[in-house]
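Asker: Sequence isn't available, so here's the structure alone:
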């Protein structure tokens, strides 16, 4: 069975949701001081790093949707931990639903953006989506390293474990166990 770009990115959005939840469960073992305290990270702390995932995902999804007014909302900051977790959950679920609604041809289209130096650029939709997904995974990895150092459990966020869990869920659904 050949996987299309569309299916690939719909699955990737679902994986992001799953991996975020695995990370959130581990981060929940920390108190607010640990989440908000300076950890020497690029975005200072755990909370701000996860907030950055939200900002980047929203900015790129806005560009992909053609909503240039909504792009580049770096000022967005979700202060509460519960609210940030929910915002990230919603963001990736909405991205997944929206990607499911796009035609196959969408993934082979270009999308324009302005880079960090103010230059107008173009990138393929498939490359922008790859950036969203790998950016989130990269920053989740940084957060995971910090939380383990702080005493939280190591979250299992590997894609292969996501696939195994999804296969088990489908098998349970087919056999009537769920």
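Answerer: Ah, there it is. Note that the structure is a prediction, hence the values are computed from the model and not measured.
Asker: by contact count, what packs against the longest helix along the chain?
Answerer: As far as residue count goes, and with DSSP state H defining each element, the longest helix of the chain is helix 125-149. Here helix 125-149 is seen to pack against helix 5-27, helix 46-64, strand 110-114 when contacts are counted using 3 or more C-beta pairs under 8 Å, 6 or more residues apart in numbering; DSSP states H and E. Yep, even glycine has a C-beta here, placed from its N, CA and C like the rest.
Asker: looking at those, which is closest to residue 94?
Answerer: With respect to residue 94, and counting by C-beta to C-beta, the nearest of the helices and strands packed on helix 125-149 is helix 46-64 at 7.8 Å.
Asker: For the helix or strand that the closest one is followed by, buried residues please.
Answerer: Proceeding C-terminally, helix 46-64 gives way to helix 81-100 as the next helix or strand, assigned by DSSP states H and E. Burial within helix 81-100, assessed by neighbour count using 16 or more other C-beta atoms under 10 Å, is assigned to 81, 84-85, 87-88, 91-92, 95-96, 99.
Asker: Make JSON lines from those residues and add distance to residue 20 and pLDDT to it.
Answerer: Formatted as JSON lines, the buried residues of helix 81-100 follow (distance: C-beta to C-beta, whole Å; pLDDT from 0 to 100):
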{"residue": "81", "distance to residue 20": "13", "pLDDT": "97"}
{"residue": "84", "distance to residue 20": "10", "pLDDT": "97"}
{"residue": "85", "distance to residue 20": "8", "pLDDT": "97"}
{"residue": "87", "distance to residue 20": "11", "pLDDT": "96"}
{"residue": "88", "distance to residue 20": "5", "pLDDT": "97"}
{"residue": "91", "distance to residue 20": "9", "pLDDT": "97"}
{"residue": "92", "distance to residue 20": "7", "pLDDT": "98"}
{"residue": "95", "distance to residue 20": "12", "pLDDT": "98"}
{"residue": "96", "distance to residue 20": "12", "pLDDT": "98"}
{"residue": "99", "distance to residue 20": "16", "pLDDT": "98"}
